[in-house]
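> next one to model:
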Amino acid sequence: MTNLPVRMARWSAAHPWRAIVGWFLFVALCLGAGIAVGGNPATSEDFRIGEAGRAEAMAAEGGLQQRPLERVLITSRGGGSPPGAAAREVAERMRALPEVLAVADPVTAADGSAVRVDVTMKGPELEGKRHVDPLLAATAEVQSAHPELRVEEVGSPSIGKGVERLRGDDLARTEVIALPVTLVTLLLVFSSVVMALVPLLLALSSIIGAVGLSMLASHVFPDAGVGTNVILLIGLAVGVDYTLFYLKREREERAKAGGRLDSRVIVELAAATSGRAVVLSGLAVAVSSATLYLADDVIFSSIATGAIVVTLVAVASSLTVLPALLAKLGERAERRAVRKGARTRRRGGGSRAWGGRLTAAVLRPVSRRPGVTLAVSVLAMLALSAPLLGLKLTDMGRETHSRAIPAMQTYDRLNAAFPELKAMNQVVVRAREKQAGEVGAALDELARRAGGQAGVRTSQDGRTSLLELAVPHYVSTEEAQGSLRRLRSELVPATVGKVAGARIAVTGDVARYADYPEHQKRKLPLIIGALLLVTFGMTVWAFRSVVLGLVGVVLNLLSAGASLGVLVLAFQGTWAEGMLDFTSTGSIGSRVPLFLFVILFGLSMDYQVFVISRIREGALAGVPTRKAVLDGIGSSAGVVTSAAVVMVTVFASFAALHLIEMKQIGFSLAVAVLLDAFVIRILVLPSLMLLLGAWNWWPSRGMRAAQRTVSPELPSLEKVG
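The predicted model follows:
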């Protein structure tokens, strides 16, 4: 691992044009292969979770699977009862479409204010949004023919299409925000347009290559539709960070050389230090992300695949094409350094441009009273973690979608006119054919006890029956959840539960909403345990220290807990609604904590590996641990701060999205990086390492030998300022 980055950098610097052309050819081949093969989107079967998933599988076995359903709502703009002519025209147009399986008779609302026409589409439930455009066009034609009416369409396909369009618009807006701010940050760090463009260019090329590779990977791990979002979110952050680590170290080595070393040698020196840190950081992010596969959930599998692919591609770009670019830009950078003269050398090639006196001022109390600093910092982080005790997880379903989506406005009007459509409980029974009569009678009894509107469908072979029970409440309400609990614990056992040998399961909107968070809660301990083990193992492997492995686990838990606490404080209440532009659901998306834990643990390893690598360098050179800690933290403060600004910018731009779950993810990651970079790595980590002293390196024999070596003292950051 130590020699690989150096060998790659040596070849790349010696053959710069081959490396540069080879890299962009690799990116083009990845994207081309992905487009040629195509992606493999997840199917309905991939999303089945818990009892609701089992019920859906049973229904599909009998040919009663859920179909894509659209509803056309017709209301009068003047408030009067709408004529039936428009409803009949809708039905006629829909029946003529090849995408349509069946059209139900028009239904009038109880108060006579609206009429609806239910249209069932062909094909699986999740594919409806791909074929819904002809239906929307037919609805628009009826609307044009009847301007005195409001004729509009809504359903899972049209809502899904609207969500995708809004997500695309949001992502385009995040790029408009994140890319310029990232470029400005890099300009402040390097004071060079060319050097600032290099990290951005490599990050974008890594994202493009990863998109192509993820399309290939989707044939093993189906894409749930979130892969590209994750690649953009993680790729821009780690792609810039890894390049930034490498570039900053190259500039430091160039400043130290003072023109006495060839550019290729300087690139190799940077590869031997920051190159190794980049490889370790990338592996940590990839391995941490891989724990998401344990969730047994297609969404998290897609997230894991996207994060792993883009991280590894970003590492590859930093080890192959980056040394070549640095070699070509070396002479130009050297000329600039000569013109700047002694000032550049004093600043270490810009390594303390964001550190310097401010970092020294922060480290001064840390060095004098590490115990007090540690206690105050940890207590502050624990205080931020306290709201986590009130964490409430829910599945962010359809009703939480932004009303900026036109279909969601129609959704609200439809539910106001037909409240029985708000949600549905479905009881699926699979029994022997000769028990069809007994099952039918039991379901009738169940429907009678449940009350409300109900309907039964039976498979052609008579073995599968599906009872639909309308729930006139949104799935998140206690009334809806109570109906599910009563159905599963009382009504089903008392009726169809008595049919000998029958397989019974409950699904529907309410069950899906309830079962998914429960599935996540059951998987969370397993994944967090694996994550802690991975973090510990990676740190011990990287630094040959069990103590630092334990330190890494504790600090990552502290950072994740605090950021989740802030998330709960902001999103489960209403005080931040205006500031962050959202409507509180009183809960956190069930996917957010798990995603945050895994991604944060991986990204935290970036800072941890980079910072501790700098400390370890000094310690291995014989510098006393205390001095190595202070100098290592100080010398890495500039790049850590710069990297944190880039990450926070990227993640915060996602907090501006309309989709509530993506907003929560972006906000929590931005907070987590801020706390990790400015509290954990500058206050907590050095305080703890100063208190541990030589125990930091236990049981490394090589470090003990190095610490016994007498080495000349270097100027300490304690004297700066």
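> ok, for F190, nearest residue in space, not its chain neighbours?
Nearest residue to F190, sequence neighbours excluded (C-beta to C-beta, 6 or more residues apart in numbering): A196, at 5.3 Å. Quick note: C-beta positions are derived from backbone N, CA and C, even for glycine.
> if you count neighbours, what's buried in stretch 170-179?
Residues of stretch 170-179 classed as buried: D170, L171, T174, A178, L179 (neighbour count, 16 or more other C-beta atoms under 10 Å).
> among these, which one sits closest to E478?
Lowest distance from E478 to these (C-beta to C-beta) belongs to D170, with 31.7 Å.
> identify the residues contacting that closest one.
With contact taken as C-beta atoms under 8 Å, 6 or more residues apart in numbering, D170 is in contact with A656, L657, H658, L659, M662.
> so which pair among these is furthest apart in space?
A656 and L659 (10.7 Å).
> the two: which has the busier surroundings?
It is L659, of A656 and L659, that has more neighbours when counted by other C-beta atoms under 10 Å, with 22 against 16.
> just checking, the more buried one touches V163?
Yes - with contact defined as C-beta atoms under 8 Å, L659 reaches V163; the gap is 7.1 Å.
> what helix or strand is the residue nearest to I159 when sequence neighbours are not counted on?
Once flanking residues are discounted, I159 sits nearest to A407: 4.7 Å by C-beta to C-beta, 6+ apart. Following DSSP states H and E, one finds A407 within helix 406-417.
> list the buried residues of that helix.
Result for helix 406-417 [16+ other C-beta under 10 Å]: buried residues A407, M408, T410, Y411, R413, L414, N415, A417.
> now these as CSV including pLDDT and distance to L31?
Listed next are the buried residues of helix 406-417 as CSV, based on pLDDT from 0 to 100; distance: C-beta to C-beta, whole Å:
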residue, pLDDT, distance to L31
A407, 93, 32
M408, 93, 34
T410, 95, 37
Y411, 95, 37
R413, 94, 43
L414, 94, 41
N415, 93, 43
A417, 92, 47
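> nearest to T120 among the residues you listed?
L414 (16.1 Å).
> the closest one against V154, yeah?
Yes - counting by C-beta under 8 Å, V154 is a contact partner of L414 at 5.7 Å.
> name the residues contacting each of the two.
R71, L73.
> where does the prediction get shaky in the stretch 601-721 of the chain?
Within the stretch 601-721 of the chain, the set of residues satisfying pLDDT under 70 comprises 701-702, 704-721.
> one step back: give me the element the residue nearest to F190 is part of.
Assigned by DSSP H and E, A196 belongs to helix 193-217.
> tell me the buried residues in that helix?
195-196, 198-217.
> which parts of the next helix or strand along the chain from that helix are buried?
Helices and strands here follow DSSP H and E; after helix 193-217, the next one along the chain is helix 227-257. Within helix 227-257, the residues that count as buried by 16+ other C-beta under 10 Å are 227-255, 257.
> ok, now stretch 32-51?
Result for stretch 32-51 [16+ other C-beta under 10 Å]: buried residues G34, G39, N40, P41, A42, S44, D46, F47, R48, I49, G50, E51.
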